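Engineer: My questions are about this predicted structure, shown below with the sequence.
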Amino acid sequence: IARRKAAHMLKYPDAEVISLGIGDTTEPIPEVITSALAKRSYALSTQEGYSGYGAEQGEKPLRAAIASTFYKDLGIEEGDIFVSDGAKCDISRLQIVFGSNVTMAVQDPSYPAYVDSSVIMGQTGEFQKDAEKYGKIEYMRCTAENGFFPDLSTVARTDIIFFCSPNNPTGAAATREQLTRLVQFAKDNGSIIVYDSAYALYISDDNPRSIFEIPGAKEVAIETSSFSKYAGFTGVRLGWTVIPKELLFSDGFPVAKDFNRIVCTCFNGASNISQAGGLACLSPEGFKAVHEVIGFYKENTDIIVETFNSLGFKVYGGKNAPYVWVQFPGRSSWDVFSEILEKTHVVTTPGSGFGPGGEGFIRVSAFGHRGNVLEACKRFKHLYK
Amino acid sequence: MYVDQVHPKCSTTPLKATVPFTMDFFLSSRWPVPRHCTEVSRNVNMESLQSGYLFPEISMRESEHIRKHPDARLIRLGIGDTTQPIPDIITSAMAEHAFALSTVKGYKGYGAEQGNMALRTAIADKFYKDMGIEGDEIFISDGAQSDISRLQMLLGSNVTVAVQDPSFPAYIDTSVIVGQAGKFLKETGKYRNIVYMNCRPENNFFPDLSTTSRTDIIFFCSPNNPTGHAATWQQLKKLVEFAKANGSIIVYDSAYAAYITDPSPRSIYEIPGAREVAIEISSFSKFAGFTGVRLGWTVVPEELRYSNGYPVIKDFNRIVCTCFNGASNIVQAGGLACLSPDGFQALRTVIDYYKENAKIIVDAFQSLGLKVNGGKNAPYVWVQFPGSSSWDVFAEILEKTHILTIPGSGFGPGGNEHIRVSAFGHREYISEACRRLKNFL
């Protein structure tokens, strides 16, 4: 995508290119949070405030704040939380824990890091060009027809199931009923769900924010999340993974123990400065400010949804996530991507970049300055009127 | 009815024999509470790890000791954790960057996974000037420990590795985790497929390469953790030639280069030909007190090729883009300030402080008639206790003087009969520790 964008900018040096492609946050971080980041930085210059190596699992106050903010009454404690430098890194560290002999399932379409990290670990088998799939990965089709939740009766058993909700790229948030079925499926099959909840705070209705809202999930699921899309920490780098004590390998060994070993050996903790910022995000004032920024992006999403709706498109997502999943039936998503780029100078993301199940769709990201979002929508209306 | 038919999922102990299922048996205290185990097999490589990672183990011993002796004034010369504040000029740069993130103009989202180009270039200019290493061959990370495992992911399970013995445990542990190491042999305390290059006082802490088997990868740390030995130019030339002759890749850990006092090489790339055989990793941890801040880098020269000619840098770039999302932008701003003339000067003062600590520790042990290595080019002092088990000496020192050190065999069997004493600490604690040791030993 970056290549295509660069080429486009060379071709049209005067065009004002608007990026609604990569889901990169654009709005400034609230001051209550950056002040905490700055304060921690300054403190490192003092005797009392200097700290060296931190606990690899993260600073206790932050772990406790994450537990109480996101997992209150769900039986998840501070000790179950591992603070990281972001979900992408956590996914790879989880893959290292699992090793190369596990089988995995992903949603189709889905965030590429699950598949890519799986390939690197040697889990996936050969890539089959015709199907555009890896031989050993189980692809769980998520389509408009099935409400973006796979028909589990047709899904083969795998050791690991990656499930992202609210979903990137479709924006679909799984319902309580759907997640209950997923947990039961994992229980029956002895599988481990890796549940990516990075967009949970974007949920507008009462769909579950955490897999652990589902009874029995603690025995079958790991949850990862991130401060990236909540606090604009895409460059600051902070996230977390929850591994319940009840999650066990087939021989009874706790998964959390192996993950802890990986965290201690292959990682050395998230930056203490970033962690101070994270703690501020979860203070009453900080969390309120975080919700305001999220609210801003949600308004962007509404504008984009309304635009494509008004043009007669079938539009999905956008309600519970900062992504709008627009259908272009019968068309190649790369062709649509190119057309939109060429004719409106707006960068989007072609659906097939997320897997064969993404074909026929375009993902429009709602991260951007209001002015750019409005301008982009104006251009879409002009192109597709 | 047999138990394994009723309870297909495991219990705490795998059932070796089927047992008739009755309600009484179920309710009896011998029957473990039924709980759900997944059917996912534990990664056999994780099972191969012999125990916890060394440094958390030391932390556990520390906690135990504090519980036993709550009033003891514990002095920590174990884990190499920096203690001195970071110079203002550097923390100000980080604070400023943080504040800027609250402004429309200053806000930054995702950065390049390889790192901020200004920082990459600054590192090239500062540390690799005239060695032909450019900014785009440098990958910024959140520290050497993360880099080592990303390199291992890159190298995969089918390569053979050699490590120094003793050495920093992460090379061996990550090797086990990735599946390179083979079975652990209790008799020798070594993993079957790893080649251990013995580094002892007798061989001037440089392995006899004429007796070293060929491996794909050679991990080499200089100045060395734990021995403190900085390899000479001659030694590194032999190493580079050895790697060239064997078609091997050296992973050179230069995290302590800033501590070198004499003309020993600071980078492997000072040696001609090294660009075709070596990757270099380094870190701001010990150089700038960034142990908690998290920043490091890896150099992968363009000239480094796999056997089929494919550039290693391309694959490493792919790993970095897939398994990582860049070091924190605030921290990278700090790194840049570290490399400014004023920042670098300020850091020299802190490094000199630790070096002075090392000298005090060396003098103290030498005055007791003990044989001491290191301390001159590294912040670690490597003390010999011939004939003694290093864990025993560690325990005795801890018990009798309330000083934490690290037993040499925590770094490999070649570390036995040695104790590593770290020179990181406030001057008064270093002096106090030396007083206690002089009284006790």
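Structural biologist: Nice, thanks for sending it over. Note that the coordinates shown come from a computational prediction; the quantities given were computed from them, not determined experimentally.

Engineer: Contact partners for A:Tyr384?
Structural biologist: Listed by CB atoms under 8 Å, 6 or more residues apart in numbering or on different chains, the contact set of A:Tyr384 reads A:Leu311, A:Phe313. C-beta here means a position set from N, CA and C on the backbone, and glycine is covered the same way.

Engineer: Show the pLDDT at it.
Structural biologist: If you check A:Tyr384, the pLDDT there is 93.

Engineer: can you check B:Tyr53 too?
Structural biologist: pLDDT at B:Tyr53 comes out at 79.

Engineer: And B:Tyr252, which helix or strand is it part of?
Structural biologist: Using DSSP states H and E, the element containing B:Tyr252 is strand B:249-253.

Engineer: List the contacts of that strand.
Structural biologist: For strand B:249-253, contacts defined as CB under 8 Å, 6+ apart pick out B:144, B:148, B:151, B:168, B:171, B:216-222, B:225, B:239-240, B:243, B:267-268, B:274, B:277-282, B:304, B:312.

Engineer: In three-state terms, how would the residue nearest to B:Gly115 when sequence neighbours are not counted be classified?
Structural biologist: Among residues not flanking B:Gly115 along the chain, B:Ile140 sits closest, at 2.6 Å (CB to CB, 6 or more residues apart in numbering or on different chains). Classification of B:Ile140 by DSSP: H, G, I helix; E, B strand; the rest coil places it in strand.

Engineer: Which residue does chain A have closest to chain B?
Structural biologist: A:Gly190 (2.7 Å; CB to the nearest CB).

Engineer: Give me the nearest residue to that residue, chain neighbours excluded.
Structural biologist: Leaving aside its chain neighbours, A:Gly190 sits nearest to B:Glu39 (2.7 Å; criterion: CB to CB, 6+ apart).

Engineer: Go ahead and confirm the one you found touches A:Asp159.
Structural biologist: Yes: with contact defined as CB atoms under 8 Å, B:Glu39 reaches A:Asp159; the gap is 7.4 Å.

Engineer: out of these two, which sits in the busier spot?
Structural biologist: Neighbour tally, B:Glu39 and A:Asp159, criterion other CB atoms under 10 Å in any protein chain shown: the higher count belongs to A:Asp159, 22 against 15.

Engineer: before we move on, back to that, and for the residue of chain A closest to chain B, the neighbour number?
Structural biologist: Other residues close to A:Gly190 by other CB under 10 Å number 19.

Engineer: re the thing from before, tell me the phi and psi of the residue nearest to A:Gly190?
Structural biologist: Backbone torsions for B:Glu39, taken as degrees, to the nearest 10, come to phi -100, psi 20.

Engineer: ditto for B:Tyr196
Structural biologist: The phi/psi pair for B:Tyr196 (degrees, to the nearest 10) reads phi -100, psi 120.

Engineer: ok, the residue lying closest to A:Pro356 once chain neighbours are set aside to A:Pro169 distance?
Structural biologist: The shortest distance from A:Pro356 to any non-neighbouring residue, by CB to CB, 6+ apart, is to A:Glu132 (4.7 Å). Taking CB to CB, to the nearest Å as the criterion, A:Glu132 is separated from A:Pro169 by 16 Å.

Engineer: same deal with A:Leu62?
Structural biologist: Between A:Leu62 and A:Pro169 the distance is 30 Å, computed by CB to CB.

Engineer: Same drill for the two, tell me which one is more crowded.
Structural biologist: Higher neighbour count among A:Leu62 and A:Pro169: A:Pro169, with 32 against 26, using other CB under 10 Å.

Engineer: thought the residue nearest to A:Pro356 was touching A:Gly357?
Structural biologist: No: taking contacts as CB under 8 Å, A:Glu132 lies outside contact range of A:Gly357: 9.9 Å.

Engineer: so A:Pro244 touches A:Lys218, yeah?
Structural biologist: Yes: using CB under 8 Å, A:Pro244 is in contact with A:Lys218, at 3.9 Å.

Engineer: which residues touch residue 100?
Structural biologist: Went with chain A since none was named. By CB under 8 Å, 6+ apart, the contact list for A:Ser100 reads A:Met121, A:Gly122, A:Gln123, B:Ser157, B:Gly179.

Engineer: Wait, chain B was what I had in mind.
Structural biologist: Contacts for B:Ala100 (CB under 8 Å, 6+ apart) come out as B:Gly106, B:Tyr107.

Engineer: Could you check how many residues crowd around B:Ala395?
Structural biologist: By other CB under 10 Å, neighbour count at B:Ala395 equals 14.

Engineer: Secondary structure of it: a strand, I assume?
Structural biologist: No: counting by three-state DSSP, B:Ala395 is not part of a strand but helix.

Engineer: Got phi/psi on B:Lys108?
Structural biologist: Dihedral pair for B:Lys108: phi -130, psi 140, per degrees, to the nearest 10.

Engineer: before we move on, the earlier item: out of A:Glu132 and A:Gly357, which sits in the busier spot?
Structural biologist: The residue with more neighbours, out of A:Glu132 and A:Gly357, is A:Gly357; 25 against 14, by other CB under 10 Å.

Engineer: Which residue comes closest to that one once chain neighbours are left out?
Structural biologist: Setting aside the residues directly before and after it, A:Gly357 is nearest to A:Asp108 in space (CB to CB, 6+ apart), at 3.5 Å.

Engineer: That neighbour pairs with what?
Structural biologist: Beta-bridge pairing of A:Asp108 under DSSP bridges involves A:Arg141.

Engineer: Would you check that it makes contact with A:Asn146?
Structural biologist: No: contact criterion CB under 8 Å: A:Asp108 and A:Asn146 do not qualify, at 11.3 Å.

Engineer: Pull the number of nearby residues for the closest residue in space to B:Asp216 that isn't next to it in sequence.
Structural biologist: Excluding the flanking residues, the one nearest B:Asp216 by CB to CB, 6+ apart is B:Val159, at 4.0 Å. If you count neighbours by other CB under 10 Å, B:Val159 ends up with 17.
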